[in-house]
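Peer 1: Predicted model and sequence follow; I will ask about them next.
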Amino acid sequence: MKIAVCIKRVPEMDVRFKIAPSGTSVDETGLKWDMSDFDGYAVEAALQMTEKLGTGEVVVLTLGPDAAQETLRKALSMGAARAIHLKADAIPFDNFAIAKALAAELAGGGFDLVMFGKLSIDSSNGAVGPMTAELLNLPCVTAASKLEIAGGKGTARRELEGAAELLEFPLPAVVTIDEGVARPRYPSLKGIMAAKKKPLEVKPAQLGEVRLTVTTMALPPERPAGRIIGEGVAAVPELVRLLQTEAKVL
Amino acid sequence: MANHILAFAEVRGGEPRKVAFESVTAARALADAAGGEVHAVLAGAPGVAAKAESLGTYGADVVVVVEHATFADYNPEALAAFVAERVKSGGHRAVVFTASAQGKDLAPRVAAKLGVPLAADLSTVQLTGDKVVGTHPVNTGKVLATVSLTATPAVVSIRPGAVTAAPAARTARVETASPAGDPGVSRVRVTQTIVGNTAKLDLGDAPVIVSGGRGLRAAENFKLVEDLAAAFGNAAVGATRAVTDDGWRPHSDQIGQTGRQVSPDLYVAVGISGAIQHLAGMRTSKTIVAINKDREAPIFKVADYGIVGDVLEIVPALTAAVRQAKGSH
């Protein structure tokens, strides 16, 4: 079982972002970076699959500047066997350009399964996985919350609004991972040491034309400051009055 | 070059979903800007054609009906092939999906088949000259990006609820089409669609959401949240991650950074402290009410109306008052 997992380096989100002077990106000063959450679930799910089978290889890929290698090293320290860095000056916003670069690398790689997080938590497009599947002409399941692979076939569950779908598909395939499939492990010290010696191949990303760009970034308008209208049961009539006359939602 | 806009109308259980009409409304605005028509695709099991007229009500000039037995459940490969073929032969200027669970799966497939990027999950969208410009929340909603899409066709998905479905009545021409290829040979097959309690409003559809957190103190006290939702009548029940992790509520009810992102007209936070991850899922709600015993809880910073106190006392009183208010008009 040979599994590729495509991962992305993203800023940690528990901060108050500032906009860079260019107005087209966030100010990166002081930001901490890590693997996108859902990509972590995908790496963990891939590792568990090969560990359960007792055979196979997990290869991690990323596209981005040199700093993206930190994210590859983290996946290697979790247990991936080798890494591929598709080098680009910056990660473009154009999801089709990224998918083309990834597909060019993955084609002919002999992977039984190509995995992604269901979306990257910074750009939140969720498109690169299924686009890569189309370009490779592989069956694809997105946002799997459960995944089982056995006998050259996969079964998955997807959460819908107030419902869920159970799916089956043949391998090779592309699957994007929702949370719930696997909680990512913390790299052990031994894993971190081993990762330093694992192969990390660097290649230029074949990005092509970029037709989707961010022209401005801004902070959303602040909500007006919160208002406490009262305490305890005694405040209920006032709340109902405000919901009727001011908010007009009752 | 045609200036027509194709709108994908999502169907579940034989009925167009609310997002189907949002998709048509968004496409109508783009078509009016481009001077073209709205062509809505309505795909479903045999019989779905009966729903075609309803799309005309929201502004579709043409409803393209494609029926097949395998469309009773979602058939991603066959639908993507069909939509991409229609756009290739029709030369549409733009293709509109909604970023629902199904739209998030289908839109990138169609975009890739057409060889173009996807402007995903937009909260606003405009066609200006040779490009489509939209607003897209990034970094868990803490930053708003304005994105520019120069590809033709422009493939976009609209965030559910971002566009209010608005009547723009016309009598749509109904055209019956055949699937592209044999939908029976799709590699990815939905073997079962598990539908929850259909009487329950979905979080994405409900104008009011009553949501509970750890402040309720025990799973059985969630009954108070359900009772308040029932009193509103048009409400769905949500929960924080702490509560779904503890198994008080199913994971599908979770609102927040890693759960559902909602923007109802009214969000009532019961016993929710307002962790940043939870706020990321609900801070765009139009009106927020918070009930919590801790006056310093961050939820009060975003609440339009806060009440400090014991949720176990206040919520039943509010339920009674809402029931009375609803009954009086």
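Peer 2: The structure has been received and is ready for your questions.

Peer 1: what does the helix or strand that contains residue A:158 rub up against?
Peer 2: Using DSSP states H and E, residue A:158 sits in strand A:153-160. Here strand A:153-160 makes contact (Cβ atoms under 8 Å, 6 or more residues apart in numbering or on different chains) with A:113, A:141-148, A:164-171, A:173, A:175, A:178, B:12, B:100-102, B:105, B:191, B:193, B:251-252. Any C-beta I mention is one placed from the backbone N, CA and C, and that applies to glycine too.

Peer 1: So in that sheet, which strands flank it, and in what orientation?
Peer 2: Strand A:153-160 has these partner strands in its sheet, going by DSSP bridges: strand A:140-150 (antiparallel), strand A:163-170 (antiparallel).

Peer 1: Redo the ones you listed as TSV? Include mean neighbour count, mean pLDDT and distance to residue B:170.
Peer 2: TSV is the format used below for these (neighbours: other Cβ atoms under 10 Å in any protein chain shown; pLDDT from 0 to 100; distance: least, Cβ to Cβ, whole Å):
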stretch	mean neighbour count	mean pLDDT	distance to residue B:170
strand A:140-150	21	95	34
strand A:163-170	18	95	32
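
Peer 1: JSON lines for those, including distance to residue B:4?
Peer 2: Formatted as JSON lines, the strands paired with strand A:153-160 follow (distance: least, Cβ to Cβ, whole Å):
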{"stretch": "strand A:140-150", "distance to residue B:4": "28"}
{"stretch": "strand A:163-170", "distance to residue B:4": "31"}
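
Peer 1: closest one to residue A:11 among the ones you listed?
Peer 2: Proximity to residue A:11, assessed across the strands paired with strand A:153-160 by Cβ to Cβ, is greatest for strand A:140-150 (22.5 Å).

Peer 1: Need the contact partners of that closest one.
Peer 2: Residues from elsewhere that reach strand A:140-150 (Cβ under 8 Å, 6+ apart): A:1, A:45, A:49, A:113, A:118, A:126, A:129-130, A:133-134, A:154-159, A:164, A:167, A:169, A:171, A:173-181, B:76, B:101, B:104-105, B:109, B:188, B:251.

Peer 1: Please repeat the previous calculation with a cut-off of 7 Å.
Peer 2: With Cβ atoms under 7 Å, 6 or more residues apart in numbering or on different chains as the test, strand A:140-150 has contacts from A:45, A:49, A:113, A:118, A:129-130, A:133, A:154-159, A:167, A:169, A:173-178, A:180-181, B:101, B:104-105, B:188.

Peer 1: ditto for stretch A:44-60
Peer 2: Outside of stretch A:44-60, the residues within contact range by Cβ under 7 Å, 6+ apart are A:1-5, A:7, A:43, A:72, A:75, A:78-84, A:115, A:147, A:149, A:177, A:181-185.

Peer 1: Now, of the residues you listed, which are buried?
Peer 2: The neighbour-count test (16 or more other Cβ atoms under 10 Å in any protein chain shown) applied to the contacts of stretch A:44-60 identifies A:1-5, A:7, A:43, A:72, A:75, A:78-81, A:83-84, A:115, A:147, A:149, A:177, A:181-182, A:184 as buried.

Peer 1: so where's the chain shaky on pLDDT?
Peer 2: With no chain named, the answer covers chain A. For chain A, no stretch is flagged by pLDDT under 70.

Peer 1: Not quite, go with chain B.
Peer 2: Counting by pLDDT under 70, chain B contains low-confidence ranges at B:1, B:196-200, B:328-329.

Peer 1: May I see the domains of it written out as residue ranges?
Peer 2: If you go by automatic domain parsing, the domain ranges for chain B are B:5-185, B:208-327.

Peer 1: I'd like those domains as TSV, with mean neighbour count appended.
Peer 2: Formatted as TSV, the domains of chain B follow (neighbours: other Cβ atoms under 10 Å in any protein chain shown):
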stretch	mean neighbour count
domain B:5-185	22
domain B:208-327	21
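
Peer 1: Arrange these in a markdown table, one row each, with distance to chain A as further columns.
Peer 2: Formatted as a markdown table, the domains of chain B follow (distance: least, Cβ to the nearest Cβ, whole Å):
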| stretch | distance to chain A |
| --- | --- |
| domain B:5-185 | 4 |
| domain B:208-327 | 4 |
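
Peer 1: Quick check: which of the ones you listed is nearest to residue A:241?
Peer 2: domain B:208-327 (9.3 Å).

Peer 1: gap between the two ends of that closest one?
Peer 2: 17 Å (Cα to Cα, to the nearest Å).

Peer 1: Just give me how far it sits from the chain centre.
Peer 2: 20 Å (Cα atoms, centre = their mean, to the nearest Å).

Peer 1: Please enumerate the helices of chain A.
Peer 2: Applying DSSP state H to chain A gives helices spanning A:37-53, A:69-78, A:95-106, A:128-136, A:189-195, A:236-245.

Peer 1: Excluding chain neighbours, give the residue nearest to residue B:51 in space.
Peer 2: Sequence neighbours aside, residue B:16 is the residue nearest to residue B:51 in space, at 5.5 Å (criterion: Cβ to Cβ, 6 or more residues apart in numbering or on different chains).

Peer 1: Also residue A:231?
Peer 2: residue B:308 (4.8 Å).

Peer 1: Any idea how far apart the tips of stretch A:156-167 sit?
Peer 2: Start to finish, the residues bounding stretch A:156-167 are 5 Å apart (Cα to Cα).

Peer 1: Oh, that last question was meant for stretch B:276-294, not what I typed.
Peer 2: Chord length of stretch B:276-294, first to last residue, is 16 Å (Cα to Cα).
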